[in-house]
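Student: What follows is a predicted protein model with its sequence.
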Amino acid sequence: MLSMYESMVVVTPTLSEDNAKKENDLIKKFITDNGGEILKTDEWGKKRLAYQISNFNEGFYFINYFKLDPEQVSKLDRFYKLHEYIIRNNILVK
């Protein structure tokens, strides 16, 4: 059974806006490849961070709303941690 999730990621500002969007596309592809369904994506663009993260003061924000099997969420979290351009992330159950 699929559960609903919301996930925000902050992508490093060293990328261009197009490349940052491609990074989010990789996340969405990972979700769909693991049996999930993307419901909606909010792209906030480049924003100033509230505090410095990994020596960055800003980053590209993306919020993905999706359905995914709860057993696959740990794989998504691992994907985030291994991905070099993601400087911050979270996964919330809706």
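Tutor: All right, it came through fine. Treat the numbers as computed from the prediction; the structure is a model and nothing was measured.
Student: and N57, what pLDDT?
Tutor: The per-residue pLDDT reported for N57 equals 96.
Student: Same question for M1.
Tutor: 85.
Student: check contacts around it.
Tutor: Under the criterion of C-beta atoms under 8 Å, 6 or more residues apart in numbering, the neighbours of M1 are D69. All C-beta atoms are positioned from the backbone trio N, CA, C, and that covers glycine.
Student: mind redoing it with 10 Å?
Tutor: 67, 69-70 (C-beta atoms under 10 Å, 6 or more residues apart in numbering).
Student: Now a PyMOL select for only the buried ones of those.
Tutor: Provided next is the PyMOL selection string for whichever of the contacts of M1 are buried by 16 or more other C-beta atoms under 10 Å:
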select buried, resi 67
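Student: List the contacts of the top helix by length along the chain.
Tutor: Ranked by number of residues, the top helix in the chain under DSSP state H is helix 17-33. Helix 17-33 has contacts (C-beta under 10 Å, 6+ apart) with 5, 7, 9-16, 36-38, 41, 43, 45-46, 59-64, 66-68, 72, 75-76, 79-80, 83-86, 89.
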